[in-house]
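In: make a model of this:
(2 chains, ligands or ions: 2)
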Amino acid sequence: MTDQGEGEDEGSVVVRHEDMGQVMALVRSLFVTELPRTEVATISAEADMLKRRRLSSSGNISLKTYSWSNRAPVNPGDYSYVDVENKTLTKSPGTINGHQFIIERCRNSNIFLFDWTDSVTVLDCTGCAIFVGPCKGSIFLRHCVDCTILVLSQQFRTRDCRRIAAYICCATQPIIENTVGAKFACLQVNYPELEDQMKSAGLSAFNNNWSHVHDFTPNSEGLGTSHNYLLVGDNLATAKVGLNEPETIGELDLAANFDPTGSFIPHTVGLSQTKVFGETSAVLIFTVNKSNNLARSFVKTMQSEHPGLVLVSTKEIAVSPGDLQRILRTNAFAVQCAQGPVVVLNYQGLNAVTVCKKLSTAPEFATQSVVSDTEQSAHSTLDSLSDLAEMKMN
Amino acid sequence: MGLLAFLRKLKSTPDRDIRMLLLGLDNAGKTTMLKKLATEDVTHVTPTQGFNIKSVQSAGFKLNIWDIGGQRKIRPYWKNYFENTDVLIYVIDSADRHRFEETSGELGELLLEDKLGGVPILVFANKQDLTHAAPAHEIAEGLQLHTIRDRAWQIQPCCATSGEGVRDGLDWVLKNLPVRK
Ligand SMILES: Nc1nc2c(ncn2[C@@H]2O[C@H](COP(=O)(O)OP(=O)(O)OP(=O)(O)O)[C@@H](O)[C@H]2O)c(=O)[nH]1
Ligand SMILES: [Mg+2]
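Out: Ligands and ions are numbered 1, 2, ... in the order given. Sure, this is the predicted structure:
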């Protein structure tokens, strides 16, 4: 444990040892015959070190080797940005390749990780804009102030942060603890390598719970609401991601697009208790040829032909034929749902049910999609599917 | 190793249910480990707001594993789960070096709990696969595990997402389950 300071015990051992060295030198200069004692001191220090590094109460030292035991050493500096100030730094695709990444003590900087990672921690950063490509595990922000963070990840966690704007695509429920003045929005981004990186990280653009934030320390305890964060649902707000000094970034020619147009992540306005945009419709689209392209083209068509309807939330979830039959009360889609996960789209707006139903009968979607017949059944389908998703995540 | 296989390896049938308690800081990998043991999908694990429990039954007795959320705010509730614990499993994110002190502090408090007195403890040095992970012996040293004298303990390096090393930890648990008459 390098950076947390030695325990008191350990510290005093070291000091004593040094004292011993001085004493021994003194003794040695007086009586040459006393020399062997230095060896005794060395051996006991080594024994002491071994004792402190023991792996079990029975004293057994495990000699077993694991896949990580003989891993080729990496340069930690290749997978971290520490003490960066007033800079724009970029990791291009292929340079991180699923490693863990650490961003620490950075100020007023732009940091872009255009690659997939395993886990990411962002610690003690101030005034930074940070983009983190698909993260297979969790991204954890601690002690960050005035930062904009854009990230795609399995988990999103913050603790002890102030005024952070989080543009995210998160596969599970984002959580905050002792965090104030946070803003959450649906991440909009695209670049050529993103799709493959999402696959490597095991993430889906449709599985986005950005608005389903849980606050462990709400400042209105008991009322069930939190004033520590705000959900930003409108499209315009997401276009401005608040990156530092856009001029500098412009020079870099990022080859990444943070505009809603062409975003790989479908824009959703998010679930909110208070806002309803009209009638609710539930659209289920099945996996075809191992891909969710059909769902993608459904969303695209809706966007261009029915811009008045709002996409509230999207999910991608593996459903067993049995569960699907229970939820839809028909086993007509057993074959389709065995092909892979189902994309669930929650649309709201005037005549949403009719509009979605009509589009779903177009030849390309006809046999590969289901739209709930009524608003009521849409609600119950959406509820059952989110219960199912939640159950799988715990 | 799934939980059932684990149960079958027990030499003699205990006369009551076995209770394992999974604790550790938030983000340590407890739920991932629990789900992996239950051979469930671990690619979409949500941070725990309360607790999860998995039970398996075999040869007339039950093994219950309790996984309690590790968020700082909810750690005061850990004590509600101490009673009748047979084995404490403490999970550490080996790659989060900045929180070694915090996790060491929490572990220290657990070791002082009367209700957990003498309960064997297995420490999982989890996330060994990560680039910045500290090796188990370094963590053992930092946690000063060698100063524990009132119970059996072991630290086991592992990776909850792949399951590697988890089985070796459970083998130790098997050997150290308290004997009951
Ligand atoms: N690389 C890697 N990631 C892991 C490992 N174990 C867990 N993770 C990841 O770490 C994150 C946290 O895991 P969880 O299982 O939610 O942690 P937890 O201890 O249950 O956290 P709380 O519920 O908040 O107490 C997830 O994104 C996991 O995918 C591991 O061994 N290796
Ligand atoms: Mg958990």
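
In: neighbours of residue 113, how many?
Out: Using chain A here. Applying other Cβ atoms under 10 Å in any protein chain shown, we find 25 residues neighbouring A:Leu113. Every residue, glycine included, has its C-beta placed from N, CA and C.

In: if you could check chain B rather than the one you did, that'd help
Out: Residue neighbour count, defined by other Cβ under 10 Å, stands at 14 for B:Glu113.

In: so how many other residues sit close to the nearest residue to it once chain neighbours are set aside?
Out: Closest residue in space to B:Glu113, ignoring its immediate chain neighbours: B:Phe82 at 6.1 Å, by Cβ to Cβ, 6 or more residues apart in numbering or on different chains. Using other Cβ under 10 Å as the criterion, B:Phe82 is surrounded by 18 other residues.

In: can you pull up the most central residue in chain A?
Out: For chain A, the residue whose C-alpha lies nearest the mean C-alpha position (Cα atoms, centre = their mean) is A:Ser153; its distance is 2.5 Å.

In: which helix or which strand is home to that one?
Out: Element membership for A:Ser153, per DSSP states H and E: strand A:145-170.

In: could you say what helices and strands that strand packs with?
Out: Helices and strands touching strand A:145-170, by 3 or more Cβ pairs under 8 Å, 6 or more residues apart in numbering or on different chains; DSSP states H and E, are strand A:120-123, strand A:129-142, strand A:175-180, strand A:182-186.

In: hmm, try it at 10 Å
Out: Packing contacts for strand A:145-170, counted by 3 or more Cβ pairs under 10 Å, 6 or more residues apart in numbering or on different chains; DSSP states H and E, involve strand A:110-113, strand A:120-123, strand A:129-142, strand A:175-180, strand A:182-186, helix A:194-200, strand A:229-232, helix A:235-239.

In: lowest mean pLDDT across those, which one is that?
Out: Of all the helices and strands packed on strand A:145-170, helix A:235-239 carries the lowest average pLDDT, namely a mean of 54.

In: for stretch B:5-18, measure first residue to last.
Out: This stretch, stretch B:5-18, spans 15 Å end to end (Cα to Cα, to the nearest Å).

In: nope, stretch A:81-96 is what I was after
Out: In stretch A:81-96, first residue to last residue: 12 Å (Cα to Cα).

In: show me what counts as buried in it.
Out: A:Tyr81, A:Val84, A:Thr88, A:Thr90, A:Lys91, A:Pro93, A:Ile96 (16 or more other Cβ atoms under 10 Å in any protein chain shown).

In: hey, what's the fifth one bridged with?
Out: Translated: A:Lys91. Applying DSSP bridges to A:Lys91 yields these beta-bridge partners: A:Leu113.

In: that one contacts A:Ile130, doesn't it?
Out: No - A:Lys91 is not in contact with A:Ile130 according to Cβ atoms under 10 Å; the separation is 11.4 Å.

In: what do those two both touch?
Out: Shared between the contact lists of A:Lys91 and A:Ile130 (criterion: Cβ atoms under 10 Å, 6 or more residues apart in numbering or on different chains) are residues A:Tyr81, A:Ile111, A:Phe112, A:Leu113.

In: tell me which two in these are the farthest apart.
Out: Comparing every pair within the shared contacts of A:Lys91 and A:Ile130 by Cβ to Cβ identifies A:Tyr81 and A:Phe112 as the most remote, at 10.4 Å.

In: overlap of the contact sets of those two?
Out: A:Leu89, A:Lys91, A:Ile130.

In: a markdown table for the residues you listed, including distance to B:Leu177?
Out: A markdown table is the format used below for the shared contacts of A:Tyr81 and A:Phe112 (distance: Cβ to Cβ, whole Å):
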| residue | distance to B:Leu177 |
| --- | --- |
| A:Leu89 | 51 |
| A:Lys91 | 47 |
| A:Ile130 | 46 |
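
In: and of these, the nearest to chain B?
Out: Relative to chain B, the closest of the shared contacts of A:Tyr81 and A:Phe112 is A:Lys91; by Cβ to the nearest Cβ it sits at 13.5 Å.

In: contacting residues for the closest one?
Out: Neighbouring residues of A:Lys91 by Cβ under 10 Å, 6+ apart: A:78-79, A:81, A:97, A:101, A:111-115, A:117, A:131-133.

In: hmm, which of these are the buried ones?
Out: Buried members of the contacts of A:Lys91, counted by 16+ other Cβ under 10 Å: A:Tyr79, A:Tyr81, A:Phe101, A:Ile111, A:Phe112, A:Leu113, A:Phe114, A:Asp115, A:Thr117, A:Phe131, A:Val132, A:Gly133.

In: returning to what we had before: I'd assumed B:Glu109 was in contact with the residue nearest to B:Glu113.
Out: No - between B:Phe82 and B:Glu109 there is no contact under Cβ under 10 Å: 11.6 Å.

In: how far away is A:Tyr229 from A:Val122?
Out: In this view, A:Tyr229 and A:Val122 are 17 Å apart by Cβ to Cβ, to the nearest Å.

In: more neighbours, the two?
Out: With neighbours defined as other Cβ under 10 Å, A:Tyr229 and A:Val122 compare such that A:Val122 has more, 27 against 21.

In: so that one sits against A:Val132, correct?
Out: Yes - in terms of Cβ under 10 Å, A:Val122 counts as a neighbour of A:Val132; the distance is 8.1 Å.

In: any common contacting residues for those two?
Out: Counting by Cβ under 10 Å, 6+ apart, the residues touching both A:Val122 and A:Val132 are A:Phe101, A:Ile103, A:Ile111, A:Ile139, A:Ile149, A:Val151.

In: state the number of residues packed around the fourth one.
Out: A:Ile139 is flanked by 27 other residues according to other Cβ under 10 Å.

In: what bridges to it?
Out: Once the bridges are assigned, which here means DSSP bridges, A:Ile139 pairs with A:Val120, A:Phe156.

In: return the residues in contact with it.
Out: For A:Ile139, the residues meeting the contact criterion (Cβ under 10 Å, 6+ apart) are A:101, A:103, A:117, A:119-122, A:130, A:132, A:149, A:151-158, A:166, A:168, A:170, A:174.

In: which of those residues come close to ligand 1?
Out: A:Ser119, A:Gln154, A:Gln155 (Cβ under 6 Å from any ligand atom).

In: tell me the contacts of the nearest residue to the second one once chain neighbours are set aside?
Out: If I follow you right, that is A:Gln154. With Cβ to Cβ, 6+ apart as the measure, A:Ala171 is the residue that lies nearest to A:Gln154, at 4.8 Å, once sequence neighbours are left out. For A:Ala171, the set of contacting residues under the criterion of Cβ under 10 Å, 6+ apart consists of A:135-136, A:152-156, A:201-204, A:207-209, A:315-316, A:389, A:393, B:43-46.

In: ok, 8 Å please
Out: A:Ser153, A:Gln154, A:Gln155, A:Leu203, A:Ser204, A:Asn207, A:Asn208, A:Asn209, B:Thr43, B:His44 (Cβ atoms under 8 Å, 6 or more residues apart in numbering or on different chains).
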